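Undergrad: structure of the sequence below:
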Amino acid sequence: MPSKRSCDVSRTSVFTCRPPSVCGQAPLNTRIVGGQNAAPGSWPWQVSMRYQGSHMCGGSLINNRWILSAAHCFTLISRWTMVLGLQTQQGTNPNAVSVSVSKITVNPNYNGNTHDNDLALVQLSSTVNFNNYIQPVCLAAAGSTFYNGTKTWVTGWGYIQSGVFLPPPGILQEVEVPVIGNGKCNCLYGPGSITKNMLCAGLLAGGKDSCQGDSGGPLVVKQGSVWVQAGIVSFGNGCAEPNYPGVYTRVSPYQSWISSVITSNLPGFVTYSSSGTNRDVTCSPDIPLCGQAPLNTKIVGGQNAAPGSWPWQVSMRYQGSHVCGGSLINNQWILSAAHCFALISADPSGWTMVLGLQTQQGTNPNSVSVSVSSITVNPNYNGNTNDNDLALVQLSSTVSFSDYIQPICLAASGSTFYNGTETWVTGWGNIQSGGECVRPEGQQMKMWLRNGSCKCLIHTVHMAMSEFT
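TA: Below you'll find the model as predicted:
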């Protein structure tokens, strides 16, 4: 039985333990840039994973009996056939080989909610023979670096845009996309969404991306004469949308796990080293780590807010009952109104903050309840004039961000809100003055700002009230 080994390749060196023919060779691939349809044999490790004859996901051949893919492909489906050497989904494929599956091993740390650790290994029922159309890809070894701007290729038979199937005969597609560093990608998807086990690639302007049906397929990069798999198609916000690059499972952190599952004839692991320096270590100033609502697609209309539309919305509860709203502004602080605490209590012990909430009654699988450690009311708050009506609430512990819990950005000093500016207000309050709160779901309403008219209206109301006092 061969011992467990890995190969280390730099841009100018050669393999130190195995000949380069072991993996990452595509004898028929002569493409550098451009194009959509892939030439036959261009990506000989590409696998079409089929359920009952239909293509469902992609995968990559990593030795003569194992395929690497995404864990989420196997959450609902169990009976598979792997097709290698395939060019088109319809018609004849003289170089294709179909093989049944003997075992599927999903990474034990896979999290379907966060998409973290989204990878799986598929063992074929028999070994396959290599040729020009069937070859294993090399895998990125631990310590590989893929800096912002690194050119990569992604391949598959998925949708050519959201909801649009690949037209017949279903030719394998290829697209070149640059790596977008994890710092910027975290800014785009929301803080904490992109983990160290993920890799992002795409265009900030949109237009090039993987899509549904490409899941599990390889994201590869070329080093010298060798192709190295850097990522596995995992998830994204739509397909090729501006400011939402594709997100891939980063292969390199899983060298040890892959080696522990495959007990013989290990895949070829290659250390990929990006050139230059990584300029993507923090968010750029124009992309703040706040104000991201991944599930909010609302533009106009509607009353009930969709779950996750306003992930900074907080239900502030006193002794178990909703009293006021608030907004999450970082992972431990909430901004609210001073009068909420002046009228009830500024004692933290009576308050509970509920985040990620959709309805005041019933089940809320995404909600988190946190106690309060301190309440700081603005010292200039005036209960008679309502001036300086704000307060800060410190949570007793930090919260983790998700699609349903995100911080809001705050308007900076010098911000202007001109007459007619469109705004949204959200909450669980009464739906008419003095009425009961009969709607348990969070409500949303679009409003327009007009300070001049507002002052005039408030002055008129005060004059009318004075006639009865």
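Undergrad: pLDDT value on residue 15, please?
TA: According to the prediction, residue 15 has pLDDT 32.
Undergrad: correction: the previous question concerned residue 424.
TA: As predicted, residue 424 sits at a pLDDT of 84.
Undergrad: state the distance from it to residue 312.
TA: Taking CB to CB, to the nearest Å as the measure, residue 424 falls 12 Å from residue 312. In this view, the C-beta of every residue, glycine as well, is placed from N, C-alpha and C.
Undergrad: swap in residue 75?
TA: According to CB to CB, residue 75 and residue 312 sit 30 Å apart.
Undergrad: these two: which has the busier surroundings?
TA: Ranked by neighbour count (other CB atoms under 10 Å), residue 75 and residue 312 place residue 312 first, with 21 against 12.
Undergrad: confidence score at residue 157?
TA: With respect to pLDDT, residue 157 scores 86.
Undergrad: against residue 233, how distant is it?
TA: Taken as CB to CB, the span from residue 157 to residue 233 is 12 Å.
Undergrad: pull up the overlap in contacts between those two.
TA: Counting by CB atoms under 8 Å, 6 or more residues apart in numbering, the shared contacts of residue 157 and residue 233 are 58, 214.
Undergrad: quick one: which of these two has more around it?
TA: Set side by side, residue 157 and residue 233 show more neighbours around residue 233, with 33 against 23, by other CB under 10 Å.
Undergrad: contacting residues around that one?
TA: 58, 70, 154, 156, 210, 214-219, 246, 248.
Undergrad: give me that answer again for 7 Å
TA: Shown in contact with residue 233 (CB atoms under 7 Å, 6 or more residues apart in numbering): 58, 70, 154, 156, 210, 214-217, 219, 246, 248.
Undergrad: what is the nearest of the residues you listed to residue 328?
TA: Nearest to residue 328, judged by CB to CB, of the contacts of residue 233 is residue 246 at 28.0 Å.
Undergrad: distance of the closest one from residue 221?
TA: Computed with CB to CB, the distance linking residue 246 and residue 221 is 14 Å.
Undergrad: same question for residue 145.
TA: Plainly put, residue 145 is 11 Å away from residue 221 if you go by CB to CB.
Undergrad: now do residue 206
TA: 21 Å.
Undergrad: just the strands from the stretch 301-450 of the chain, written as ranges.
TA: 313-318, 321-328, 333-336, 351-355, 368-377, 391-395, 422-427, 443-448 (DSSP state E, counting those that start in this stretch).
Undergrad: which ones are touching residue 44?
TA: Contacts for residue 44 (CB under 7 Å, 6+ apart) come out as 26, 85, 132-135.
Undergrad: adding secondary structure, write these out as TSV.
TA: Listed next are the contacts of residue 44 as TSV, based on DSSP: H, G, I helix; E, B strand; the rest coil:
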residue	secondary structure
26	coil
85	coil
132	coil
133	coil
134	strand
135	coil
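Undergrad: spatially, which two of those are the most separated?
TA: The two members of the contacts of residue 44 with the most space between them (CB to CB) are 26 and 85, at 12.2 Å.
Undergrad: how does this protein divide into domains?
TA: Domain segmentation of the chain under automatic domain parsing yields 20-270, 313-466.
Undergrad: relative to residue 304, which of these is closest?
TA: domain 313-466 (4.6 Å).
Undergrad: that closest one: how far from the chain's middle?
TA: How far domain 313-466 lies from its chain's middle: 28 Å, per CA atoms, centre = their mean, to the nearest Å.
Undergrad: any idea how far residue 308 is from residue 412?
TA: Using CB to CB, residue 412 is found at 26 Å from residue 308.
Undergrad: which one of those two is surrounded by more residues?
TA: The residue with more neighbours, out of residue 412 and residue 308, is residue 308; 18 against 6, by other CB under 10 Å.
Undergrad: so, low pLDDT: which residues of this structure?
TA: Scanning the chain for pLDDT under 70 picks out the ranges 1-22, 24, 26-36, 76-78, 276, 279-289, 292-303, 430-469.
Undergrad: returning to what we had before: neighbour count: residue 145 and residue 221, which is higher?
TA: In this view residue 145 and residue 221 are compared by other CB under 10 Å, and residue 221 has more residues nearby, 21 against 13.
Undergrad: isn't that one up against residue 231?
TA: No: at 9.1 Å, residue 221 does not count as touching residue 231 under the criterion of CB atoms under 7 Å.
Undergrad: find residues that contact each of those two.
TA: Between them, residue 221 and residue 231 share no contacting residue, judged by CB under 7 Å, 6+ apart.
Undergrad: where along the stretch 51-200 of the chain do the strands fall?
TA: Counting by DSSP E, counting those that start in this stretch, the strands of the stretch 51-200 of the chain are 54-61, 66-69, 81-84, 97-106, 120-124, 138-140, 151-156, 173-180, 198-201.
Undergrad: now do the last one: everything it contacts.
TA: To tie it back to what came earlier, the one meant is strand 198-201. 146, 152, 177-180, 182, 185, 194, 219, 230-231, 245-250.
Undergrad: now do the following helix or strand past it against strand 54-61, angle only.
TA: Under the assignment DSSP states H and E, the closest C-terminal helix or strand after strand 198-201 is strand 218-223. Counting by axes from the mean of the first three to the mean of the last three CA atoms, to 10 degrees, strand 218-223 lies at 30 degrees to strand 54-61.
Undergrad: contacts for strand 218-223?
TA: By CB under 7 Å, 6+ apart, strand 218-223 touches 9, 11, 45-46, 60, 137, 150-155, 201, 227-233, 248, 270, 272.
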